[in-house]
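Colleague: Give me a model of this one.
(chains A, B and C)
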Amino acid sequence: MVEFAGHLPGLAAAEVEWRMLDFAAWGESVQVSVPVLSEAQALALAARVRENARSYLKTLSVAQIVVTIDKAVARLLDRDDPLRQKLEAILPIVTGYDRETVRLGLSGYLRTFRAPQLQRFLTEDFANPGMLDAFQPAIKGGFTRAYGPELLLHIWAGNVPGLPLWSMISGLLVKAGTIGKVASGEPLLAGWFAQILAEIDPKLGECLAIVWWKGGDEASERIWLGEADTIVAYGGNDALAAIRNRVPITARFLPHGHKIGFGLVSGAVLDTRNAGPLARLVAHDVMRYEQQGCYSPQMLFVERGGKVSPREFAALVSGELASFARTHPRRALSVAEAAGVAAWRSAEEMRAFDETGRAVLGDAGDPWSVVCVEAAEGLAPSGLNRTLKIVAVDSLDAVVPLVASHRAFLQSVAVAAAPEELFRVAALLGEAGVTRICACGRMTAPEAGWHNDGRFNLLDLVTITEIEQSAELAAEGFAPYVD
Amino acid sequence: MQGIRPTMRAFGKAWLDVTEAQIIEALLAFIDRGEATEAAFEEMALAVFAYQFAHNQPYRRFAIQRGRTTLTVRNWRDIPAVPITAFKDLTLSCTPPEQVERVFMTSGTTQGGVRGKSYHPTLAVWDRSMLVNFRQRFMQGRDRIAMGILFPDEEAMPNSSLAHYLSLAKRECGSADSEGFIGPDGLDLGRLIAGLERAETSGEPFALLGASYSFVHLLDALAAAGRRFALPEGSRILDTGGFKGQSREMGADAFYDALSAALGVPRRACINMYGMTELSTQFYDDGNAFCPPVKSGPHWIRSRVVDPVTGRDVPEGTTGVLAHHDLAHFNCVSAILTEDAGIMVDAGFKLLGRVDGADSKGCSLAVAEFLKAARG
Amino acid sequence: MKFRDRTILVTGASRGIGAAIAKAFAAEGGLVIVNYRRSEAAALAVVETCRAAGGQALAIAADVTVAAEVEAMVARIAQEAGRLDVVVNNAFAPYVFDADNRARFWETPWSAYQAQVDGALKATYNVCQAVLPLMRQRGRGSIVNMATDLVARPSIAYHDYTTGKAALIGFSRNLATELGPLGIRVNCVAPGLVWPTDASRGTREAVKDMLIAQTPLGRIATPEDVTGPVLFLACDWSGFVTGQTLHVDGGLVMS
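Modeller: The predicted model follows:
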């Protein structure tokens, strides 16, 4: 089975060099052909997308763009649609995530991009989204209009299915000519989405391109970075730093680094009725996407004093992960990943020998791992791939100093607490740099209009053009109908 | 093993009575026996495990945590392999550590300066293991050879197992004119060039042994000096340990091509030794004409390639993590899980480099990046 | 070798059904802890049988009705084996099954009930409490409690004995509910009359004939008949089965 990645308006497949990426999982394999463009092709494609966006995309109203995206998303949500079926069949092989995780994850994720949700995106960032279409009166006087980039370059990373859609759709909503660079870990979805858009509105399809180059390939990167006026990039800090060094000083660079998520559970909620279902939700967050998402939890702070102790809660979470191991088997790990998991677990085992307050649950060979520690411990990554450390704390307030020094890596936190405590702790977490607080079980499914990394998805992309009141008033003086 | 075999059964309680002296005697005899069947290896391995389980308390706790005890372990592959980081975190010694003759330590380059320690109540087993194997795999029938050592000597680095290894090689297998070329000020290039010149004209085979990174320094120095040598037929090179950030990194092919070109020693005579502080036995290849070559060890060490999570052997031909079972490492633990990727092949294994903690496949923060950020 | 790398505690394993169960686990490669109260020689013989069958075994004395003795036994298991995967609560209070001279209800003192509740339930309670930390640590385990088909069908009214076993079944179901989320399964095996065992040796032919006549499979259970269902419930073939009572009586009881 060979699938083609990318979306290259104006370029015939035969003109392009293709490289084969091999994927295998769940007993099946698939080859994905990714395009390798020459410098001339890249430059021509950039020019073409920029020009088409100028002459067409920027003439559309936001409402029209929303309708087109909504239609495309509807197709991907339709389980009878051939492309949706192809996604469900192939993404598990490409990413290694189990079929159910891919199916449920895709549906849940895509639901955040239907028309009403897209309206939410728009209103989250623009008091009056009409300013993307025309000058709108400003409260301070005068008029303002928002313009998206001429050429917006997305550099995506990682293999969590669908993640590229977030920034890609954001770019389209602000009418940016769009170039997306897919990650080798999941090169397909973005291109296919672009092709659906092109089927629905062929001219819109000419306003975006999906390309590939090998991550870190400096020569290719420089070509594209030189063409874009805005760059959204995902990846580890080393990779982002390397990109930033090559970004022209005149371009806007919007990096999204790796993040570490965690959870807080108030002792007050841990009674024998709540504990079981809550443990399941926690385990769900850990299981979904094998903790590869920036929003995935890697640590859980559990307050003492509830009817169910942190240690007992840890056993419940471990039990739920055992169940998920059957219903949503863990993705096959590379040797390096397996070594990472084993190293994390065995390091915890070693420490457990000298500490009575440390328990490593389950068997070393289990496809998940839960560690419970009684002494306060600072936030740190787990071994990923369903490994979680549960830290007992005397109060949720005590968590703040344990996470505060990692401000640059904070993003999502799940909180299980009564309203008063939720808001009190949320204030402390926000101060520490946390940008998203959600319920347990929802960590991997941010709601529509989420401000990724606490930034404005759309607003960060645009520039505002203001007609100051003076110009407006002066213009009155030049009007032919002036008295 | 004669005489103590019945008491060294892993089952039952008799192993408690086995003394260090008996274990040492049995191991020396085992090394000298020339070969060992799977069954003979297993018998010795179970006995050594029983000894370590009885006398090495941290290892005992580790084994119990893994559900592997003298009651549950029934063949040598059941014996739980300790991750080598444990040598940093735990005191793994059957003898009280303050009573041992020698402590070998890792360089501490990989884990923020913390050094893994191996305790040796005697070096008798270590030395016998090294020499029997070295003679067979490197000396290849020669009694002695003129050696140049590219590593500090044992006096300079008393806790380095490599320094001891090379000192032992020089003392036991080097001819009288063998010498070390790394002093307090590093590589003594002048003296080394003189040595190489002498070797070149003598017509007698010459052996150059040392850390891989020292060879890189040598190559760079020779290139800078515009010098090349054609060492006599039968000359050989032994490098070990990789570059460890002590020199520039070189690919294996480039490295051996360069060595071969600079010193006139064919790649098939460039032998790479794979050893670890956490072992008492070394592995060798039969030259590096092709990379990666097959590595193998003597009959008292066996290697497996395992899934690091389950600890179970991966199917032959599949990449996994190397685990070694070195009977000679009797005082610490014999079964260790390395951080090296490998693949089992006929007659040994291929070493495929370190398995570092993987980066996240997605956008979550992984340990490596976190640690890097924490170090600043 | 279904139980290779598994450790199994069988209480009351020095003879009868317990000994047969121990041997069956050993034959599947398991490490069997042969618990006994007094009959050390018999227990050591079972250990030998287990080793001969291809498994490994260790005899530990403990009166399962005494909590402290049970705790000491489990502590030793933790040291010797490092893990405990399966517990078979097989020990029971001495009881004479005499259909001819059984005590009728109005002849049965409360103390007789108490003795059977202690023998069946308290012993199981002690063992389950003691092994729980080991099983919870690993997040897995299977507990198999030996009941009787008399609970479902009191062919002969052994009031005290059957009531004790009935309590055990209720106990097991609650335990199954509590421990399921922790990955630990709890089930009962309920044999009919098993012959020959020390307890059933005196059973008259007439009683056996009566039972045989009503048993679809047309015979009385042997100790070996009981081992299969116990091993089934102990291994992952029954990984999605908990809180059940498996009747092993040739179809006498169908439920």
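Colleague: can you count the residues close to C:Ala246?
Modeller: Just so we're on the same page, residue C:246 is Leu rather than Ala. If you count neighbours by other CB atoms under 10 Å in any protein chain shown, C:Leu246 ends up with 19. Placement of C-beta: from N, CA and C, glycine included.
Colleague: Can I take it that it is in a strand?
Modeller: Yes. The assignment for C:Leu246, made by DSSP: H, G, I helix; E, B strand; the rest coil, places it in a strand.
Colleague: distance of it from A:Leu76?
Modeller: C:Leu246 sits 48 Å away from A:Leu76 when distances are taken as CB to CB, to the nearest Å.
Colleague: got a list of what residue 169 touches?
Modeller: Using chain A here. A:69, A:113, A:118, A:121 (CB atoms under 8 Å, 6 or more residues apart in numbering or on different chains).
Colleague: if you could check chain C rather than the one you did, that'd help
Modeller: C:145, C:147, C:151, C:188, C:190, C:245.
Colleague: Burial check on the first one, number of neighbours?
Modeller: As a burial measure, the neighbour count of C:Asn145 was computed by other CB under 10 Å and equals 27.
Colleague: just the third one next, same as before
Modeller: The burial count assigned to C:Val151 is 22, neighbours taken as other CB under 10 Å.
Colleague: Can you report phi and psi for C:Gly141?
Modeller: In terms of degrees, to the nearest 10, the main-chain angles of C:Gly141 are phi 160, psi 160.
Colleague: Up against chain A, what does chain B have?
Modeller: Applying CB under 8 Å from any CB of the partner chain, we find that chain B lies next to chain A at B:58, B:61-62, B:65-67, B:83, B:85-86, B:89-90, B:307-312, B:319-321, B:337, B:339, B:341, B:355-367, B:369-370, B:372-373.
Colleague: Just the buried ones from the residues you listed?
Modeller: When neighbours are counted using 16 or more other CB atoms under 10 Å in any protein chain shown, the residues of chain B next to chain A contain these buried positions: B:58, B:61-62, B:65-67, B:83, B:85-86, B:89-90, B:307-309, B:311, B:319-321, B:337, B:339, B:341, B:355, B:357-367, B:369-370, B:373.
Colleague: Just those residues: which are in strands?
Modeller: Secondary structure from DSSP state E places B:83, B:319-321, B:337, B:339, B:341 of those in strands.
Colleague: what sits against the residue most central in space within chain C?
Modeller: Nearest residue to the geometric centre of chain C (CA atoms, centre = their mean): C:Asn90, 2.4 Å. When the contact criterion is CB under 8 Å, 6+ apart, the partners of C:Asn90 are C:10-13, C:17-18, C:21, C:146.
Colleague: how long is stretch B:26-44 end to end?
Modeller: Taking CA to CA, to the nearest Å, stretch B:26-44 runs 9 Å from one end to the other.
Colleague: List the buried residues in it.
Modeller: Along stretch B:26-44, the positions that meet the burial threshold by neighbour count (16+ other CB under 10 Å) are B:26-27, B:30-31, B:36, B:41-44.
Colleague: Tell me if that stretch is near chain C.
Modeller: No. No part of stretch B:26-44 sits close enough to chain C to count as contact by CB under 8 Å from any CB; the gap is at least 15.8 Å.
Colleague: mean confidence for that stretch?
Modeller: Taken as a whole, stretch B:26-44 has an average pLDDT of 94.
Colleague: Repeat that for stretch B:121-132.
Modeller: In this model, stretch B:121-132 has an average pLDDT of 97.
Colleague: residues in contact with that stretch?
Modeller: With CB under 8 Å, 6+ apart as the contact definition, stretch B:121-132 has outside contacts at B:20, B:24, B:27-28, B:31-32, B:94-95, B:99-102, B:120, B:164-165, B:168-169, B:172-173, B:280-282, B:298, B:300, B:328, B:330-331.
Colleague: Would you state the helices of chain B in chain order?
Modeller: Using DSSP state H, the helices assigned to chain B run over residues B:20-32, B:38-55, B:57-65, B:86-89, B:124-134, B:161-173, B:189-202, B:212-225, B:252-263, B:367-375.
Colleague: In chain C, where's the longest strand?
Modeller: strand C:184-191.
Colleague: ok, longest helix in the chain?
Modeller: By default, I'm working from chain A. When chain A is parsed with DSSP H, its longest helix is helix A:335-354.
Colleague: Correction: the question concerned chain C.
Modeller: Looking across chain C with DSSP H, the single longest helix is helix C:159-179.
Colleague: tell me the mean pLDDT for it?
Modeller: Here the average pLDDT along helix C:159-179 is 97.
Colleague: again with stretch B:149-156
Modeller: Confidence over stretch B:149-156, taken as the mean pLDDT, stands at 94.
Colleague: Tell me the residues of chain C that contact chain B?
Modeller: Applying CB under 8 Å from any CB, we find that chain C lies next to chain B at C:5, C:7, C:31, C:56, C:58, C:78-83.
Colleague: Narrow the residues you listed to those in helices?
Modeller: Restricting these to those inside helices, with DSSP H as the criterion, leaves C:78-80.
Colleague: In terms of distance to chain B, which of those residues ranks first?
Modeller: Closest to chain B out of these is C:Glu80 (5.3 Å), distances taken as CB to the nearest CB.
Colleague: How about the contacts made by C:Phe232?
Modeller: By CB under 8 Å, 6+ apart, C:Phe232 lies in contact with C:238, C:246.
Colleague: measure the residue nearest to the centre of chain C to chain A for me?
Modeller: With distances taken as CB to the nearest CB, to the nearest Å, C:Asn90 is found 26 Å from chain A.
Colleague: who does the host helix or strand of A:Leu240 touch, helix- and strand-wise?
Modeller: Taking DSSP states H and E as the definition, A:Leu240 sits inside helix A:237-246. Packing contacts for helix A:237-246, counted by 3 or more CB pairs under 8 Å, 6 or more residues apart in numbering or on different chains; DSSP states H and E, involve helix A:218-227, strand A:230-235, strand A:252-257, helix B:367-375.
Colleague: Quickly compare those and say which is most buried.
Modeller: Among the helices and strands packed on helix A:237-246, strand A:230-235 has the highest mean neighbour count (mean count of other CB atoms under 10 Å in any protein chain shown), at a mean of 25.
Colleague: is it anywhere near chain B?
Modeller: Yes. Using CB under 8 Å from any CB, strand A:230-235 reaches chain B at A:234-235.
Colleague: Partner strands of that strand, with direction?
Modeller: strand A:151-155 (parallel), strand A:252-257 (parallel) (DSSP bridges).
Colleague: That one - what's its average pLDDT?
Modeller: The average pLDDT for strand A:230-235 rounds to 96.
Colleague: Residues touching it, excluding its own?
Modeller: Strand A:230-235 is touched from outside by A:149, A:151-158, A:163, A:167, A:171, A:176, A:215, A:225, A:239-240, A:243, A:247, A:251-258, A:461, B:363, with contacts defined as CB under 8 Å, 6+ apart.
Colleague: Could you do stretch C:95-112 as well?
Modeller: Under the criterion CB under 8 Å, 6+ apart, residues C:116, C:119, C:156-161, C:193, C:199-200, C:202-204, C:207 lie in contact with stretch C:95-112.
Colleague: any idea which of these is the one closest to A:Gly365?
Modeller: Nearest to A:Gly365 among the contacts of stretch C:95-112 is C:Gly119, at 38.4 Å by CB to CB.
Colleague: what about that closest one, how many neighbours?
Modeller: Neighbours of C:Gly119 under the rule other CB under 10 Å: 22.
Colleague: for it, phi and psi?
Modeller: Recorded main-chain torsions at C:Gly119 are phi -70, psi -40, according to degrees, to the nearest 10.
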